[in-house]
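Engineer: No letters, just coordinates:
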């Protein structure tokens, strides 16, 4: 109401001022003309000494003044009538809508008939298509999705044209994001490549930059309209406002596009620049309103292909991927295009004219980072645009899990999860622990580009997890372990960006492509250590995995040693134990061999891991035997045993996620390996060393809270009982008297 009132006042004042000025001008002009008819000479009235002539002139003057007054009164009456008419017009305009639409009938479009711009029903699904492939583009698309979700008021259905990599990543993102009223569909880009791969393309997007041309063919035949977006888009308003512009399409218009905001298609950027043909400045295809039904009706697949074949005979390749072909088609068929206001695609590229699209921040609708330089492009107001982008980049995506009420026809996937949460007894002192097990952690796999490069046979991946306070240990681990690594990182959205900057600036990390970084976003009260381990474990691509922790450094050639060892393993049910040691020194001359390590043990600069606080955790390794062993030896499982093992990836179970924070998270896993019948075999010439660091927040809570320790004991008993039910008689030995 406030908005409409202010608009009404603004319109009325503009009209009043317009007609008042017109009245002043007309009255002044008429008056001036009247007086100019008097005898004026040299700027003065001609006052003759002749009295008769003077009286005649006075009479004529009075008569002329009366005529002017009558004329002024007539003009004022007409202006009042005009003003009243304009007031009624303004009222009608505001009563209808602040945005007008054409009235389309079977006879065509009547621009003189204004209708209400139809509101989009809350439960209507808006369809959005995005081409997203490879690892890095998934980061861009998540930021785009955040900006859409932040403003949206409708149910959304995202259609992703993606390769296997992006599909795997985005499926996990949306499954763990748990955003209500959002549906996702995938279309495998590799199957569509033959339709466009014949087109030479110099653009950095490669063959995938041509995929938008085949959307009418790719998307379901019953889908009639879709918004098509590039991944480097940031929304500054509700996507539903863009969807409304479909109603402004005239009868033959099928593509809603914003004019290109550079001189590219004018051919003025450099000497001998030969762009593809375009209508005027051409159009940018980063944002497209696509009427799929109309495109299919005009035979779009044949239309664009014939145009592309003809132009390629002289231009040989595209420079801007699909955009060149879209513009060539529009040049030949201008009736297909509907001009969108430029605020719906403010293009932040080199040589842009985008500053002409906005006078106020409120004018901005969509920001398009269409320069290869992205955030480093040098244009006006770049700091504002960069800050807007960074706001969504670092925005907590968990806050976008807003519910949609009143749409009973659309099922909510969260219902089952909410029922599970509601089933927990709130009076249980361990309520927080039980609830934590049901927390769905938003997960982004392969946050940085990854390339393992082999089939994984007779290879081993180091599996670990970490949080931001252990990030400084990552480079040293990579120096000691050249093989593949799968890491789960527990971070907030903002911390994930800090990690990315750290990784991209690290020569050690950027020299590697065989490290999978999987971001698990913070949520809940406890460190979800076993969920993190499961994420990292599930993404290991090799036959074997080394289950370690981020604060352990392997001996220098452990990777090569393990690759040789696993080739001789006779049984798939063997877990190779790598003996663990520790130092209290932050600066350590790391032992290069078993002999050096034993010497350091003897002088007290190294110790067996946790010998002084939790000796039972490693006691079964039998370090006395290990000192002199030259061949691998078998050991028996013992209570509280938690070694670091190498085992076949497909044979080992996932970690039990009821254990969060500190305590029993690894012990429970080793116990289940024993229940499965695994043999524990100690490697005589292998070792890892734990490096010192500040204690975690969770271990501080364990030490200070009686409830924490009590609940851990309760969870331990429940796990042991579950294990005995799952594995029968062979698991009875895990039951303790107080279980």
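Structural biologist: Looks like it arrived, so ask away. Remember, it's a predicted structure, so these values are computed and weren't measured experimentally.
Engineer: all contacts plus neighbour counts: C-alpha atoms, from now on.
Structural biologist: Fine.
Engineer: residue ranges with poor pLDDT in the protein?
Structural biologist: 1-117, 269, 406, 408-418, 455-456, 570, 737-739 (pLDDT under 70).
Engineer: Spatially central residue for it, please.
Structural biologist: Closest residue to the average C-alpha location of the chain: residue 142 at 1.1 Å, with C-alpha atoms, centre = their mean.
Engineer: following the host helix or strand of that residue, which helix or strand shows up next?
Structural biologist: Secondary-structure assignment from DSSP states H and E places residue 142 in helix 136-151. Sequence order places strand 155-162 as the next helix or strand after helix 136-151, per DSSP H and E.
Engineer: For residue 195, list the residues it contacts.
Structural biologist: Shown in contact with residue 195 (C-alpha atoms under 8 Å, 6 or more residues apart in numbering): residue 214.
Engineer: Kindly report the same for residue 165.
Structural biologist: 133, 134, 135.
Engineer: Among these, which one lies nearest to residue 524?
Structural biologist: Checking the contacts of residue 165 against residue 524 with C-alpha to C-alpha, the nearest one is residue 135 at 27.5 Å.
Engineer: any idea how far that closest one lies from residue 167?
Structural biologist: Separation of residue 135 from residue 167 (C-alpha to C-alpha, to the nearest Å): 10 Å.
Engineer: more neighbours, those two?
Structural biologist: Set side by side, residue 135 and residue 167 show more neighbours around residue 167, with 23 against 20, by other C-alpha atoms under 10 Å.
Engineer: tell me the helices in the stretch 151-300 of the chain, going along the chain?
Structural biologist: Secondary structure of the stretch 151-300 of the chain (DSSP state H, counting those that start in this stretch): helices located at 164-177, 189-192, 215-218, 239-243, 292-297, 300-315.
Engineer: TSV please, covering these and showing distance to residue 696.
Structural biologist: Output for the helices of the stretch 151-300 of the chain, formatted as TSV (distance: least, C-alpha to C-alpha, whole Å):
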stretch	distance to residue 696
helix 164-177	26
helix 189-192	44
helix 215-218	50
helix 239-243	43
helix 292-297	55
helix 300-315	59
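Engineer: Can you check which of the ones you listed gets nearest to residue 344?
Structural biologist: That would be helix 239-243 among those, by C-alpha to C-alpha, at 7.6 Å.
Engineer: List the buried residues for the closest one?
Structural biologist: By neighbour count on 16 or more other C-alpha atoms under 10 Å, the buried set for helix 239-243 is 239, 240, 242, 243.
Engineer: how about the first one, what does it touch?
Structural biologist: Applying C-alpha under 8 Å, 6+ apart, one finds that residue 239 lies in contact with 148, 151, 152.
Engineer: same thing but 6 Å
Structural biologist: Applying C-alpha atoms under 6 Å, 6 or more residues apart in numbering to residue 239 gives the contacts residue 152.
Engineer: I would like the residues contacting stretch 543-560, please.
Structural biologist: For stretch 543-560, the surrounding residues in contact (C-alpha under 6 Å, 6+ apart) are 456-457, 460-464, 477, 480, 644-649, 688-691.
Engineer: those helices in the stretch 301-450 of the chain, which residues are they?
Structural biologist: 322-332, 382-393, 414-422, 431-436.
Engineer: Now mean neighbour count too, for these, in CSV please.
Structural biologist: What follows is the helices of the stretch 301-450 of the chain, written out as CSV (neighbours: other C-alpha atoms under 10 Å):
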stretch, mean neighbour count
helix 322-332, 22
helix 382-393, 16
helix 414-422, 12
helix 431-436, 18
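Engineer: any idea how far residue 453 is from the nearest residue to residue 727 once chain neighbours are set aside?
Structural biologist: Excluding the flanking residues, the one nearest residue 727 by C-alpha to C-alpha, 6 or more residues apart in numbering is residue 675, at 6.8 Å. According to C-alpha to C-alpha, residue 675 stands 35 Å off from residue 453.
Engineer: still on that earlier bit, with distance to residue 320 added, can I get the contacts of residue 165 in TSV?
Structural biologist: Below are these laid out as TSV (distance: C-alpha to C-alpha, whole Å):
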residue	distance to residue 320
133	18
134	19
135	22
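Engineer: State the distance from the nearest residue to residue 316 once chain neighbours are set aside to residue 293.
Structural biologist: With sequence-adjacent residues excluded and distances taken as C-alpha to C-alpha, 6+ apart, residue 316 is closest to residue 200, at 7.1 Å. Going from residue 200 to residue 293 by C-alpha to C-alpha gives 28 Å.
Engineer: returning to what we had before: tell me which of the helices of the stretch 151-300 of the chain approaches residue 208 most closely.
Structural biologist: Per C-alpha to C-alpha, nearest to residue 208 of the helices of the stretch 151-300 of the chain: helix 189-192, 7.6 Å.
Engineer: roughly how far is the closest one from the heart of the chain?
Structural biologist: 23 Å (C-alpha atoms, centre = their mean, to the nearest Å).
Engineer: So which other helices or strands are in contact with it?
Structural biologist: For helix 189-192, there is no helix or strand it packs on, judged by 3 or more C-alpha pairs under 6 Å, 6 or more residues apart in numbering; DSSP states H and E.
Engineer: and that helix, which residues are buried?
Structural biologist: 189, 192.
Engineer: outside of it, which residues touch it?
Structural biologist: Under C-alpha under 6 Å, 6+ apart, the answer for helix 189-192 is 161, 162, 163.
Engineer: wouldn't the first one be in contact with residue 185 here?
Structural biologist: No - applying C-alpha atoms under 6 Å, one finds residue 161 not in contact with residue 185, separated by 8.7 Å.
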